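[1] fold the following.
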Amino acid sequence: MLAGVDIGGTKIAAVLVSRSGDVLASHTEAAPTRGGGAVLRAVAATIESLEREVGSPIAALGLGAAGIIDSATGTVLAASQLFTDWVGRRIGAELEALIRRPVTVANDVNAFLVGEVRWGALRGAENALGVMLGTGVGGAVMLAGHLFEGPHGGAGEIGHTPRHSDQRCTCGGIGHLETVASGRSIGLRYAERTGGSPLTGQETARRAASGDEVALAVFHDAGQALANAVLTTGTLFDVDHVVIGGGVAKAWEFWRPSFEATVAENPPVSGRQLIVRLAALTNPAIGAATLALDTVDSAGDMA
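    Below is the predicted model:
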């Protein structure tokens, strides 16, 4: 039995899965606001609780964490301002000490993409881009069946491509895709146009569903910006598959028209069709569990 944990900007999702990816138990809770140590202790407590629920210990844990991650050392190299006491932490080693099981750490979107390729919407794809639309916007790239993280762990981070707006990003930069296409920014942009208080992305989606023209326009802009970033990244890496997930992607019906129109206007120069699918896995932590599976396989032992 394996564990997968996804640490996002606002919540922690955890699952226990079988070797074939079947979910045996799961739990989601709000992420502690007291800093990195509190987050890791919450993860450990959740895993212990799920082990008791199932009645069996895990063999290993895969952790998908927001930010730029050195997967070799399990260290957070960079993260947005939404995360306190996070940068510089060796979260893999800290969590191993808490749960006394092997822990493998990767960027959360890298874990998401691996999960969708192994068990989800892109099963069998070898060259792919993964995009997560949530509190922020994350990206990951797979080439020839292997994650491509780049020398500094930041490959595929389309959420921080510039020139999409004049707003400041949570990372400190200006005009990044995240300022247009994250759940947080969608709510803020709606508020700016209506003069009201900031909304969540979910509430903005509800207003779009009721026909609110301002909300629809905000999603139109987000879809167009996302498509431009996907097209640029896809062209640079020559990928032919894209999977989009995250909480904000649940409102895809409002993104789709401008996203698809922009993609149709700018087909890949390779002539290959760009296949875009929504995530199939219901919990982002399932992707993280694939990291644990790889750890167990490489060790040649499955408990």
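
[2] hey, let's count contacts and neighbours off CA atoms from now on
    Will do.

[3] next up, the contacts around the closest residue to Thr10 other than its chain neighbours.
    Closest residue in space to Thr10, ignoring its immediate chain neighbours: Ala31 at 5.4 Å, by C-alpha to C-alpha, 6 or more residues apart in numbering. By C-alpha atoms under 8 Å, 6 or more residues apart in numbering, the contact set of Ala31 is Ile7, Gly8, Gly9, Thr10, Lys11, Ile12, Val39.

[4] just the buried residues of those.
    Among those, those classed as buried by neighbour count (16 or more other C-alpha atoms under 10 Å) are Ile7, Gly8, Gly9, Ile12, Val39.

[5] pLDDT and distance to Arg184 added to the residues you listed, as TSV?
    Formatted as TSV, these follow (pLDDT from 0 to 100; distance: C-alpha to C-alpha, whole Å):
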residue	pLDDT	distance to Arg184
Ile7	90	17
Gly8	79	13
Gly9	73	11
Ile12	92	18
Val39	91	21
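
[6] from those residues, which ones fall inside strands?
    Counted as lying in strands by DSSP state E, out of those, are Ile7, Ile12.

[7] from the buried ones among the contacts of Ala31, which is closest to Ser270?
    Gly8 (34.8 Å; C-alpha to C-alpha).

[8] re the thing from before, what's the residue nearest to Thr10 sitting at in phi/psi?
    phi -70, psi 140 (degrees, to the nearest 10).

[9] low-confidence ranges, the stretch 51-200 of the chain, go.
    82 (pLDDT under 70).

[10] quick check: Ala288 touching Gly4?
    Yes - the pair Ala288 / Gly4 is scored as a contact, 4.7 Å apart, by C-alpha atoms under 8 Å.

[11] now do the shared contacts for the two.
    Gly62, Leu63, Gly64.

[12] can I get those in TSV including secondary structure, distance to Ala181 and neighbour count?
    Converted to TSV, the shared contacts of Ala288 and Gly4 look like this (DSSP: H, G, I helix; E, B strand; the rest coil; distance: C-alpha to C-alpha, whole Å; neighbours: other C-alpha atoms under 10 Å):
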residue	secondary structure	distance to Ala181	neighbour count
Gly62	strand	27	29
Leu63	strand	25	30
Gly64	strand	21	29
